[in-house]
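1. with the sequence up front, the predicted model follows.
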Amino acid sequence: MFSWLRKEGEKSESIENVIEGLKRIYKTKLLPLELHYQFHDFHSPQLEEPDFDAKPMILLVGQYSTGKTTFIKYLLERDFPGIRIGPEPTTDRFIAVMFDEKEGVIPGNALVVDPKKQFRPLSKFGNAFLNRFQCSTVASPVLRGISIVDTPGILSGEKQRVDRGYDFTGVLEWFAERVDRIILLFDAHKLDISDEFRRSIEALRGHDDKIRIVLNKADMIDHQQLMRVYGALMWSLGKVLQTPEVARVYIGSFWDQPLRYDVNRRLFEDEEQDLFRDMQSLPRNAALRKLNDLIKRARLAKVHAYIVSELRKEMPSMFGKDGKKKDLIKNLAAVYDRIQREQQISPGDFPDIKKMQECLANHDFTKFHPLKPKLLEVVDHMLATDIARLMDMIPQEDVNIVTEPLIKGEFVIISCSFVVLRYGSHIYMYIFITTST
């Protein structure tokens, strides 16, 4: 059913050339800037070969019992090693589901030392996390084109007070930076957003283009209830995502059991096709996404260089260094504003100020390097010339991707209803149409 994600052929030569080009310009042009200004200590670890060669990844995030693991089972049309499904928080670990002819489970400690996998930087989160991390290898045709990461169910109520023993949101941030899609799953019966879920969603900020939202188990409620649930979800998301745009929500029931209320069957089928069509595009657009992520990384590296060099310039040569450091950290917003004006940089390119202040507290400003224009000029040339050349090499379509025929046929509207919601100064109307073929 889902084998359309990729044929068994190899990647096209043009895509491989683009990936090799990205490796080359990163190592020769961007990496020297990152090393010179200690970029890896503040933002993201150094990129390695597996980061460029990895298949597209999909990250599933949601509260416990929203159907994340069942969603993977539905995609693969089979179980995978280590699967556990139940109404209670059953998935207590991060599970990377990847392709391999030999099926089995690779523990986290062995996974992070494998030079062929892209997970080596995760070792910084310690044994408490690595004991809750594993790779399940499955000989599924779906996984020839993508990899899927299942996450622990996000807790609510009294359960969220229990310490996980590792930086859960930090791990989510690491994955969010590297995956191609982030699917937020909601249960039609549990729309409350717990504090831990809110923090998890906030950790995904900056990757809004990757986020897709799924309202799962929608067949468990009737048409009228679904209308109300959808409106309530949109209202809750508007408060958490804090974006003026209305988020796209895919409605369905992603499991292999018969629908309880099948009046919305055609709606669920169409929504499912839209979501899977979006997932289908990931292998084709993998090189483009890696190129886009490298551009974002280069822009952040440039801004980081301006920030640390400015802090270095403001430090006294002899006395009062500790006091000046505290003053600069406290007034980091003013430093941001000054750099923004002088260098004509967009405010959106600057790192989160609170995280930056926390990182700066552990560094000696006098060891930062002054601004080195040559390194910045090399990166500017990379963005203006090398990236554009690689962009031209990306084909419009990858011939190795095939599309499963979509369901066709005439249909008629048998019922229609709508709900109007006010959120702040915005008014949203949601229309629900039930159809019959």
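-> Happy to help now that I have it.
2. find the centremost residue of this structure, please.
-> The centre of the chain sits closest to A176, judged by Cα atoms, centre = their mean, with a distance of 3.1 Å.
3. sticking with P152, tell me its helix or strand.
-> Using DSSP states H and E, P152 sits within no helix or strand.
4. my bad, C135
-> Here C135 is assigned to strand 133-138, by DSSP H and E.
5. re earlier: ok, now which ones touch the residue nearest to the centre of the chain?
-> Taking Cβ atoms under 8 Å, 6 or more residues apart in numbering, we find A176 in contact with L59, I182, A203, L204, G206, H207, K210. Just so you know, the C-beta spots here come from the backbone N, C-alpha and C atoms, and that holds for glycine as well.
6. cool, E314 as well?
-> By Cβ under 8 Å, 6+ apart, the neighbours of E314 are K324, L328, V335, F365.
7. and the residues you listed, which is closest to L111?
-> Using Cβ to Cβ, F365 comes nearest to L111 of the contacts of E314, at 36.9 Å.
8. so how far is E314 from that closest one?
-> Distance, F365 to E314, by Cβ to Cβ, to the nearest Å: 8 Å.
9. what mean pLDDT does stretch 169-176 get?
-> Stretch 169-176 carries an average pLDDT of 91.
10. that stretch: which residues count as buried?
-> T169, V171, L172, E173, W174, F175, A176 (16 or more other Cβ atoms under 10 Å).
11. go on, stretch 337-347?
-> In stretch 337-347, the ones that count as buried by 16+ other Cβ under 10 Å are I339, Q340, I345.
12. who touches it?
-> Stretch 337-347 is contacted by residues V303, Y306, I307, E310, Y336, F350 when judged by Cβ under 8 Å, 6+ apart.
13. let me know the closest of those residues to D219.
-> For those, the nearest to D219 is F350 (44.7 Å; Cβ to Cβ).
14. let me know the pLDDT of that closest one.
-> 94.
15. mind starting the numbering at 441 from now?
-> From this message on, residue numbering opens at 441, which makes the last subject F790.
16. gap between it and R464?
-> Going from F790 to R464 by Cβ to Cβ gives 28 Å.
17. picking that back up, nearest to E541, of the buried residues of stretch 777-787?
-> Checking these against E541 by Cβ to Cβ gives I785 as the nearest, at 48.5 Å.
18. what about the closest one, which SS state?
-> Look at I785: counting by DSSP: H, G, I helix; E, B strand; the rest coil, its state is coil.
19. so where's the stretch 541-690 of the chain uncertain?
-> Along the stretch 541-690 of the chain, the model assigns pLDDT under 70 to residues 595-603, 682-686.
20. where do the helices sit along it?
-> 548-551, 566-570, 608-618, 635-643, 663-681 (DSSP state H, counting those that start in this stretch).
21. burial-wise, tell me which of the ones you listed comes out on top.
-> helix 608-618 (a mean of 19; mean count of other Cβ atoms under 10 Å).
22. grab the CA positions of that helix and hand them over as PDB.
-> The C-alpha trace of helix 608-618 is given here as PDB (Å, rounded to 0.1, in the frame of the first residue of the first chain):
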ATOM      1  CA  PHE A 608      13.900  15.500  26.900                       C
ATOM      2  CA  THR A 609      13.300  18.800  25.200                       C
ATOM      3  CA  GLY A 610      17.000  19.000  24.200                       C
ATOM      4  CA  VAL A 611      16.700  15.600  22.500                       C
ATOM      5  CA  LEU A 612      13.600  16.900  20.700                       C
ATOM      6  CA  GLU A 613      15.500  20.000  19.500                       C
ATOM      7  CA  TRP A 614      18.300  17.800  18.200                       C
ATOM      8  CA  PHE A 615      16.000  15.700  16.200                       C
ATOM      9  CA  ALA A 616      13.900  18.600  15.000                       C
ATOM     10  CA  GLU A 617      16.900  20.200  13.500                       C
ATOM     11  CA  ARG A 618      17.700  17.100  11.400                       C
END
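23. hang on, the earlier thing: identify the farthest-apart pair in the contacts of stretch 777-787.
-> It's E750 and F790 that sit farthest apart of those, by Cβ to Cβ, at 12.1 Å.
24. what about these two, which has more around it?
-> F790 (22 against 19; other Cβ atoms under 10 Å).
25. ok, the more buried one - contacts?
-> V743, I747, Y776, Q780.
26. farthest-separated two in those?
-> Comparing all pairs in the contacts of F790 by Cβ to Cβ, the longest separation belongs to I747 and Q780, at 10.7 Å.
27. just the strands in the protein please.
-> Taking DSSP state E as the test, the strands found in the chain are 497-502, 534-539, 544-547, 573-578, 587-590, 621-627, 651-656, 689-691, 852-863, 866-876.
28. circling back: just the ones in helices from the contacts of F790, please.
-> V743, I747, Y776, Q780 (DSSP state H).
29. domain map for this structure?
-> 443-731, 735-833 (automatic domain parsing).
30. which of these sits most buried?
-> domain 443-731 comes out most buried of these by mean count of other Cβ under 10 Å, with a mean of 18.
31. disregarding flanking residues, what is the spatial nearest neighbour of I651?
-> Sequence neighbours aside, I622 is the residue nearest to I651 in space, at 4.8 Å (criterion: Cβ to Cβ, 6 or more residues apart in numbering).
32. mind checking how far that neighbour is from V654?
-> Distance from I622 to V654, by Cβ to Cβ: 11 Å.
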